[in-house]
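> this one's structure only:
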C-alpha cells in the first residue's frame with residue numbers, strides 16, 4: 001500500500017496536464033515544438049538516470065537481466081503495435097500535432113483512455129518501488145499527458161467531431177490516469193521480480209513514446225537548435241534531480 005498522498009498529487013497533475021494540453025492545442029501551437037522537445041529529453045533522462053539504475057540494483061539482488069530486457073522489448077513493441085493498429089498515425093500537414101486517427105469512434109476513444117489508464121498505473125507502481133522512481137515516472141507521464149490532451153482534441157476536431165464531443169473525450173482521457181493511480185492503492189507490495197519486470201516494461205514504453213512519438217512531433221515542421229537544446233536540457237534536468245536533489 002502507498003503510505004502517503006504523493007501519488008494522488010501526481011494523479012491530479014496528470015489530470016490537469018491533459019486538460020491544459022487540450023486547451024493549448026486550440027490557441028498556443030507556436031510554442032508546442034519547444035515544449036515537446038523538452039518533454040522528450042525528460043523521458044530519456046528518466047529512463048537513463050532513474051529506471052535503469054533501479055533495474056541494475058534489482059539484477060544485483062538476483063533478478064535475471066534477460067527477463068528485464070525482454071520486458072523492455074515487450075513494452076516497446078506492444079505500444080508500437082497498439083499505436084499502429086488501433087490509432088494509426090499519419091502526418092498532419094501544416095501543424096505540429098501529427099496524430100491522425102482515421103477511425104474516430106468508440107474503439108479509438110477506448111484506446112486513448114486505456115493508454116492513459118496505463119499511465120496512471122505506471123505512476124502508482126513507480127511509488128511502490130520508491131518515491132524517487134515514482135516522482136520521476138510521474139514527471140514523465142505528466143509531460144506525455146500534456147501531448148495526449150492536445151492529440152485528443154486535434155484528432156476529434158480534425159475528423160469533424162463537435163467541440164462538445166471533443167471536450168467529453170478530453171475529460172475522460174484526463175480522468176483515466178487518476179483512476180489508474182487509485183487502482184494501485186489496492187495492490188499488495190510487489191516482489192523484486194515483479195518490480196524488475198515492471199521497470200523493464202515501462203522503460204520500453206517511455207523509450208517508445210519519447211523516440212517515436214514526442215521527439216518526431218517536436219521536429220515535425222522544422223528542426224531548430226533551440227528545440228534540440230531543450231531536449232538536451234530536459235535530460236540534464238533529470239540527471240541533476242536524480243543526483244543532487
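The structure has been received and is ready for your questions. On a predicted model such as this, the values are computed, not experimentally measured, just so you know.

> packing partners for the longest helix that the chain contains?
In the chain, assigned by DSSP state H, the helix with the most residues is helix 131-158. Contacts defined by 3 or more CB pairs under 8 Å, 6 or more residues apart in numbering; DSSP states H and E place helix 131-158 against helix 6-27, helix 32-46, helix 106-129, helix 163-184, helix 192-208, helix 225-244. Every C-beta, even on glycine, is put in place using the N, C-alpha and C of the backbone.

> Which secondary structure elements does the second one sit against?
Yep, that's helix 32-46 we're talking about. Helix 32-46 packs on helix 131-158, helix 192-208, helix 215-218, helix 225-244, going by 3+ CB pairs under 8 Å, 6+ apart.

> what's the next secondary structure element after it?
helix 52-60 (DSSP states H and E).

> got the buried residues for that next one?
Within helix 52-60, the residues that qualify as buried are 52, 54, 55, 58, 59, counting by 16 or more other CB atoms under 10 Å.

> and what of stretch 36-55?
36-52, 54-55.

> Mind checking the pLDDT average for it?
Taken as a whole, stretch 36-55 carries a mean pLDDT of 81.

> distance between the ends of it?
27 Å (CA to CA, to the nearest Å).

> about what we covered before: tell me which of the helices and strands packed on helix 131-158 sits most buried.
With neighbours taken as mean count of other CB atoms under 10 Å, the helices and strands packed on helix 131-158 reach their highest mean count in helix 32-46, at a mean of 25.

> That one: how far from the chain's middle?
Distance of helix 32-46 from the chain centroid (CA atoms, centre = their mean, to the nearest Å) equals 11 Å.

> Over to stretch 234-241?
For stretch 234-241, the distance to the chain centre is 17 Å (CA atoms, centre = their mean).

> picking that back up, would JSON lines of the buried residues of helix 52-60 with distance to residue 180 be doable?
Shown next, in JSON lines, are the buried residues of helix 52-60 (distance: CB to CB, whole Å):
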{"residue": "52", "distance to residue 180": "23"}
{"residue": "54", "distance to residue 180": "20"}
{"residue": "55", "distance to residue 180": "22"}
{"residue": "58", "distance to residue 180": "23"}
{"residue": "59", "distance to residue 180": "27"}
